[in-house]
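1. After the sequence you'll find the predicted model.
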Amino acid sequence: MDFGFTKEEALLQKMAREFAEKHIEPLAEKIDQENEVPKEILEGLAELELFGVPFPEKYGGADGGYAGYVLAVEQIARCSSGVGMIMSAHTLSVGAIGVFGTEDQKKKYMPPCCQGKQIASFAFTEPGTGSDPKQITSTAVKDGDSYILNGTKRFISNANFPGPIVIFARESESNEITAFIVDKFCEGYSISEPWKKMGMHGGPLLDVYLKDVRVPAENVLGQIGQGYPILQMGISFGKVGVSSCALGGMLAAYEEALKYAKEKTHRGAPIAKFQAIQLRIADLAMKYEASRWLTYRLGYLADNVKNPAVFAKEAALTKTVVCENSADVARISLDVHGSYGAMEDYKISRLYRDAIMGPQIEGVTDMQKMIISGVILKG
Amino acid sequence: MNIVVAMKQIPDLQQVRIRNRQPVFEDVPYTLGNIDKNALEAGVALKEALDAKLIVVSAGNEELEDTIKEALAAGADEAYLVIDDSLDNIASDTSATLIAAAIKKIDDVGIILFGEGSGDNYSGQVASRVAEILELPEVGYAKEIELNGQSLRVTRSLEESEELVEVELPTVITVVSEINEARIPAVTQILKAGKKPKEVVSPHELEIAIGSVQVTTLSNLAPETDRKQIVVKSVDELVKALTTEGLIGR
C-alpha cells in the first residue's frame, strides 16, 4: 500500500494550486460578491485542460483519471468553491455521456466539453422531486424520429453556459425514466435567474424550462428506461467532485485558522499558545487528514469501478464525511477567529457560508446515509 | 540548432520549515528554481522562433530523474542528466565542470541559458564558469532576448541602468526573473513529460572525478545588525542625529 503521489500527480496538484493562487484567489471575493466567475478564469482552466482531466484523450480529455481530477479540484476549490462546483457539475455530466453514450455521442459532445469550449449540465431534480426518480414529471413524447420534451428542472448547475445537458424525463411509450442529451439554448430551452445561494457563489444553480424541446431519437443516452442507473452512476461520480470541492474549502478554512492563531495576539502572546486554540487546531488537522485520504481514495475507486452499487455506497460515504467535516472545520476555524470570524472582512466568513452548503447539495446527508445503509444491509 | 537550459534541482523552498533557526529539509520534495524556470521559458520562446530543439541539462542525485519532469512538462524536448548520489551539496566549480562536460556531449549547441542564480544558494557562479570552460562569450542578467539574424540582441538589467548588447552564437546567457512569466504546464504536458527522451550519465562516464569535496553549510543566518536605539523627540533632533552619524548633510 503506497499513500504517496507519483511525480506526475504531485505536479498536477502543484499546477492547479499555482493557477488557483495566481488567477482565482485575487478574484475570489469578487466572485463571491457578484456570484459570477469571470470568463478569463474559465478560459484559463480550459487552457490547462482542467475541464477534461479524467477523460480519455481519444475524446479530447487529458487522461489524468479521477485520481488526478480530485487533486486538481481540491486546489481550485481551495481558492473558490464556486469555480470548483462548475468543474464538478461539468465533469459529472460529461462522465455520464462517457459511460453511457454511443460512439457518435461521445465524439460529438465530449471533445468540446473536455476542451472547455462547452460546459455541461445534468438535470434530474424537479420542483416536486428531490432524489426520487419515480416522482419525475417531465415528459418525452415520441414524435416520429424525435422526442418532444416538456417540464421544469430545478437547481441545475451550469445551465447558463452553452453545451450539452443530460435531461431525465418520462418516455411516453414505455412510461420509464429515460435520459436525453439536449443542446442548451436550443428552441424551447430557457432558464431562470440564478438562485441566490448562501455560499459557493459563482457556481450557478438555475431552473431550466423545457417547452416543446425537440430532441432527435439518436440523442437518447443509454437505453429507453435506463434513466435510473444513469442517474445513480452520474450522481456517484458527481460526489467525487463535490467531495473534492468540500475538501478544498476545508483546507482553506484550516489554513485560515492556523494563520490567524499565529498572528493574533492576546496579552502579548499569539493565541496559538493557548490550549483552547491548540485543541481546535488538532481537531482541524484530524478532520482534514481523514477527509483528504477518503477523497483521494474515492478518486482511485472512480477510476476502477467494478460494482456500481458498491461505488455508490463509497461515494455517498465519502461525500457525507467530507462535507460534514468541511462544515465542522469552517465552524471551528470561525471559533478560532472569535468575533472577527463573523465579520465579512474576514475570509473565514465566506468559507463558512461555502462549507455549510456541502451537506445540502448533491443529495443531503440523510439521503446519503440511506444509500450507505441500503447497500450494506442488502449484503 | 540545439538550445540548452541548465537547471538546478533544489528543495521546494515553500515547504522548508525552520526549527532552532535552521532549515529542516526532511521530507521536503525537490523542485526546480524559479529563475531557472524563467530561463526555460526564454528557451521555449527561442526554440519556437528558431525551430530548434530544447535540451535541459542538470546534475544531481537520484531524485533528479523525477524532478526534471517539471522542465519536460514546461516545454523542454529532451533531458541530459548527470546523476550520482554524491552530487548533493557540491561546490559551484564542480557543478560547472559537470554541466560543461554534459553540454560538450550535445551537438550543435547555439544558446546556453541559465537563471542568474540558483534558487537555493544563489551563488551565481556556474554560468560564468561554464562559459569559461567552453570558451564561449557570456551575457549576464538578460531581461530581453531578441533574435537578430545569426546573433542575439540582449537587454541586460543592471542595478541602475540597462545595457543593450549584441552577441554571436554560440553563447551563454543568464536571465533575470523579469524576463518572462514561466508558463504553467497543462495536464497532458505533465502526464507526458516522463515519456520524453532522457539520457542519464554518471560523472564517471563524463570522465570527471567528483572526489569528496562537498559544501558544508556552517551557518545560513542573515548577519545580525545591532540597532543604535537612538530615540528622538522631534524632526530637528532626527536631522541632528543623522548628521552626527554622517548619514546626511555630508
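-> Yep, it's here.
2. In chain B, what residue lies closest to chain A?
-> B:V187 (3.7 Å; C-beta to the nearest C-beta). The C-beta positions use only the backbone N, C-alpha and C, and glycine is treated the same way.
3. Now for that residue: which residues touch it?
-> Residues near B:V187 by C-beta atoms under 8 Å, 6 or more residues apart in numbering or on different chains: A:12, A:15, A:48-50, A:52-53, A:62, A:64, A:68, A:72.
4. State the pLDDT value of residue 238.
-> Defaulting to chain A. Turning to A:G238, the model gives it a pLDDT of 96.
5. let's do chain B instead
-> Per-residue confidence (pLDDT) for B:L238: 92.
6. which non-adjacent residue is nearest it?
-> Nearest non-adjacent residue to B:L238, counting by C-beta to C-beta, 6 or more residues apart in numbering or on different chains: B:V232, 4.5 Å away.
7. hang on, the earlier thing: from A:M87, how far off is the residue of chain B closest to chain A?
-> The gap separating B:V187 from A:M87 is 12 Å, by C-beta to C-beta, to the nearest Å.
8. any common contacting residues for the two?
-> With C-beta under 8 Å, 6+ apart, B:V187 and A:M87 have common neighbours A:50, A:72.
9. Which helix or strand contains A:G151?
-> strand A:146-157 (DSSP states H and E).
10. Mean confidence (pLDDT) on the lengthiest helix in chain B, please.
-> The longest helix of chain B (DSSP state H) is helix B:34-50. Averaging pLDDT along helix B:34-50 gives 96.
11. how far does that helix sit from the chain's center?
-> Helix B:34-50 has its C-alpha centroid displaced from the chain centroid by 12 Å (C-alpha atoms, centre = their mean, to the nearest Å).
12. Does stretch B:83-96 reach chain A?
-> No. Using C-beta under 8 Å from any C-beta of the partner chain, stretch B:83-96 stays clear of chain A, coming no nearer than 15.0 Å.
13. what's near enough to touch A:E43?
-> Contact partners of A:E43, counting by C-beta under 8 Å, 6+ apart, are A:G116.
14. unless I'm mixing things up, the residue nearest to B:L238 is touching B:A241, no?
-> Yes. Using C-beta atoms under 8 Å, B:V232 is in contact with B:A241, at 5.8 Å.
15. Between the two, tell me which one has more neighbours.
-> When neighbours are counted by other C-beta atoms under 10 Å in any protein chain shown, B:A241 comes out ahead of the other of B:V232 and B:A241, with 15 against 12.
16. burial count for A:K211?
-> 13.
17. which element is the residue in chain A positioned nearest to chain B on?
-> With C-beta to the nearest C-beta, the shortest gap between chain A and chain B falls at A:A62, namely 3.7 Å. A:A62 is part of no helix or strand, with elements assigned from DSSP H and E.
18. what about it, distance to A:H90?
-> The spacing between A:A62 and A:H90, counted by C-beta to C-beta, is 14 Å.
19. residues in chain B within reach of chain A, list them.
-> Residues of chain B found near chain A (C-beta under 8 Å from any C-beta) are B:29, B:66-67, B:69-70, B:73, B:184-188, B:190-191, B:193-194.
20. Which residue in the residues you listed has the weakest pLDDT?
-> B:P29 (89).
21. Hmm, that one is touching B:Q14, no?
-> No. Counting by C-beta under 8 Å, B:P29 sits too far from B:Q14 to count as a contact (10.1 Å).
22. for the helix or strand where A:D283 lies, packing partners?
-> Element membership for A:D283 (DSSP H and E) is helix A:275-303. Helix A:275-303 is packed against helix A:65-79, helix A:227-263, helix A:308-336, with contacts defined by 3 or more C-beta pairs under 8 Å, 6 or more residues apart in numbering or on different chains; DSSP states H and E.
23. Return the most buried member of those.
-> Mean neighbour counts were compared across those using mean count of other C-beta atoms under 10 Å in any protein chain shown; the top stretch is helix A:65-79, at a mean of 27.
24. Enumerate the positions of the helix or strand just after that one that are buried.
-> Where DSSP H and E defines the elements, the next helix or strand beyond helix A:65-79 is helix A:81-100. Going by neighbour count (16 or more other C-beta atoms under 10 Å in any protein chain shown), the buried part of helix A:81-100 is A:81-100.
25. Same check on stretch A:38-47?
-> In terms of neighbour count (16+ other C-beta under 10 Å), stretch A:38-47 has its buried residues at A:38, A:41-42, A:44-46.
26. which ones among the residues you listed are found in helices?
-> Filtering those for helices - DSSP H - leaves A:41-42, A:44-46.
27. Same list (the residues you listed) but as TSV, adding pLDDT and distance to B:K104.
-> Formatted as TSV, those follow (pLDDT from 0 to 100; distance: C-beta to C-beta, whole Å):
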residue	pLDDT	distance to B:K104
A:I41	98	46
A:L42	98	47
A:G44	97	41
A:L45	98	43
A:A46	98	43
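28. and which of these is nearest A:G188?
-> Within those, distances to A:G188 taken as C-beta to C-beta reach their minimum at A:L42, with 26.2 Å.
29. was I right about that closest one contacting A:G116?
-> Yes. Taking contacts as C-beta under 8 Å, A:L42 lies within contact range of A:G116: 6.6 Å.
30. got a list of what A:M85 touches?
-> Applying C-beta under 8 Å, 6+ apart, we find A:M85 in contact with A:77, A:157, A:200, A:202-203, A:241-242, A:245.
31. Quick check: closest non-adjacent residue to it.
-> Closest residue to A:M85 apart from its sequence neighbours, by C-beta to C-beta, 6+ apart: A:G203 at 2.9 Å.
32. Contact partners for that neighbour?
-> Contacts for A:G203 were tallied using C-beta under 8 Å, 6+ apart; they are A:37, A:81-86, A:89, A:157.
33. now B:D88, nearest residue through space, not along the chain?
-> B:N61 (5.3 Å).
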